[in-house]
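Peer 1: take this sequence and fold it.
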Amino acid sequence: MKTNFLTLLSLTLLLSVSSCTIDINERTGDGETISTPGTTTGVLPEGGKLSGDITKDLTVKKGNYVLEGIVKVADGATLTIEPGATFTVSTNVSSSLVVLQGGKILAIGSAAEPIVFSTTAKVAGGWGGITVYGRAPIKAVNGNATAVSEDGNALTYGGTDANSSSGILKFVRVEYAGKKIGDGTSETNTFTFYSVGDGTILENLVAYKGTDDGFEFFGGTVSARNIVSYGNFDDAFDWQDAWKGQNNSNWFAFQTVTGNFGMEIEASGNTDNTAPKISNITLIRDANTNPEVAGSTEISAIQFKKQGSGIFSNVYVSGYKNLGGKNAYAVLIQDDATNNSQVNTTPSKVVVSPLNYVNSDNLGVWGYAATNGGATFTNAATVTKVSLPTGAWATVDGVDLLTALK
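Peer 2: Down below sits the predicted model:
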């Protein structure tokens, strides 16, 4: 009886284990991909290809890998990426890494061994970057609690859990993103966060030379610390849908060659919004940097529009010069409605102070593109540039991206 019982138990366990599969692709010697079944937690083999839907927990260890196609981390699955993992992203197909609502990413690198996503061609716009969907609240146009994403996935986002977690992104660098989508005139951002909750940790991230924004937040409550937007074609930092992260610090943007606003801020027209808070911001515009569209007015450091708000402290701005007859400002209030409902309130929901605005035009003046209002400010000599840890995480092809902070 004991022998029969053990046999039956062994058979039951065998059937139980073999019925579970995970979406792991392993490259064979001739380049063919095969799936690796047999466990609820898998490890991507060294040199393997990350592709398709990740429906079970998957770990990627230190090493070199390929990311191909739209890779989606499904609800209930966790993608864990260890320090030193490097992904070469395929550009012959539309590729991106998307964490869906309920999915998690634990990409935890280090200053010496960051997690890197890049392309062989090293040309901006090669792929779609990293997009994370969470379950935190948003306020879209007309105060709507949900909206449809504009990243090409056309997914509904928005939720009710402000404290929700989509995981951890730490010491991660994303290069050459900004794949064109839709009608061919729009691009994805390098990092995009849709309704992500403040249980998510975003620290020490680099967005390098993408064709759209470096970082964009669509509502949600998540905060980000020690983030670098370098050489992105559109805005370094952008948000809408009443994003309201409260614990942000150490944001650095270096705009070079092509770049629009340092920060583009809106709340999708919602007067009733909670102003995000960011301490320590450095925005530097390199000489000979031009907006994407010749003659554009998108050359100011910080723009508020459509009821956008923000409480910013210790802000250092340099290099924002008038261009082609257009004026560049440290702070630009784009419309009367924003000025009335966000700036001229008590207390104001648009605060940029202390601010040191140097090597730029229109020193000491906030710009107003609309008709009412106007403000001057005194440069605060006590403000210094953001301080960030050095290391491989912020070094590309031997170039230290933090040089401008020294």
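Peer 1: any buried residues in stretch 53-60, and which?
Peer 2: 54, 55, 56, 57, 58, 59, 60 (16 or more other CB atoms under 10 Å). The C-beta positions use only the backbone N, C-alpha and C, and glycine is treated the same way.
Peer 1: same check, this time on stretch 275-286
Peer 2: 275, 276, 277, 278, 279, 280, 281, 282, 283, 284, 285.
Peer 1: cool, stretch 121-138 as well?
Peer 2: So, applying 16+ other CB under 10 Å, buried residues of stretch 121-138: 124-138.
Peer 1: picking up where we left off before, nearest to residue 95 among the buried residues of stretch 53-60?
Peer 2: Closest approach to residue 95 among those (CB to CB): residue 54, at 14.3 Å.
Peer 1: for that closest one, give its distance to residue 142.
Peer 2: 35 Å (CB to CB, to the nearest Å).
Peer 1: now stretch 161-179: mean pLDDT?
Peer 2: When pLDDT is averaged over stretch 161-179, the result is 97.
Peer 1: report the buried residues of that stretch.
Peer 2: Buried residues in stretch 161-179 (16+ other CB under 10 Å): 162, 164-179.
Peer 1: where in the stretch 1-150 of the chain is pLDDT low?
Peer 2: Residue ranges of the stretch 1-150 of the chain with pLDDT under 70: 1-41.
Peer 1: could you give the number of residues near residue 327?
Peer 2: Residues near residue 327, counting by other CB atoms under 10 Å, number 17.
Peer 1: surely it meets residue 367?
Peer 2: Yes - the criterion here is CB atoms under 8 Å, and residue 327 meets it with residue 367 at 6.2 Å.
Peer 1: need the overlap of contacts for the two.
Peer 2: residue 300 (CB atoms under 8 Å, 6 or more residues apart in numbering).
Peer 1: dump the buried residues of stretch 53-60 into CSV; add distance to residue 393 and secondary structure as well.
Peer 2: Output for the buried residues of stretch 53-60, formatted as CSV (distance: CB to CB, whole Å; DSSP: H, G, I helix; E, B strand; the rest coil):
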residue, distance to residue 393, secondary structure
54, 24, strand
55, 30, coil
56, 29, coil
57, 25, strand
58, 23, strand
59, 21, strand
60, 17, strand
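Peer 1: any chance of the residues you listed in JSON lines with distance to residue 251 as columns?
Peer 2: As requested, the buried residues of stretch 53-60 are exported to JSON lines (distance: CB to CB, whole Å):
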{"residue": "54", "distance to residue 251": "30"}
{"residue": "55", "distance to residue 251": "35"}
{"residue": "56", "distance to residue 251": "35"}
{"residue": "57", "distance to residue 251": "32"}
{"residue": "58", "distance to residue 251": "31"}
{"residue": "59", "distance to residue 251": "31"}
{"residue": "60", "distance to residue 251": "28"}
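Peer 1: residue 377: which of those is nearest?
Peer 2: residue 60 (47.5 Å).
Peer 1: just checking, the closest one touches residue 83?
Peer 2: No - taking contacts as CB under 8 Å, residue 60 lies outside contact range of residue 83: 10.7 Å.
Peer 1: nearest spatial neighbour of residue 247, chain-adjacent residues omitted?
Peer 2: Distances taken as CB to CB, 6 or more residues apart in numbering place residue 223 nearest to residue 247, at 4.0 Å, with adjacent residues excluded.
Peer 1: what's the one you found in contact with, if anything?
Peer 2: Contacts of residue 223 by CB under 8 Å, 6+ apart are 198, 202, 245, 246, 247, 248.
Peer 1: perfect, I'm done here.
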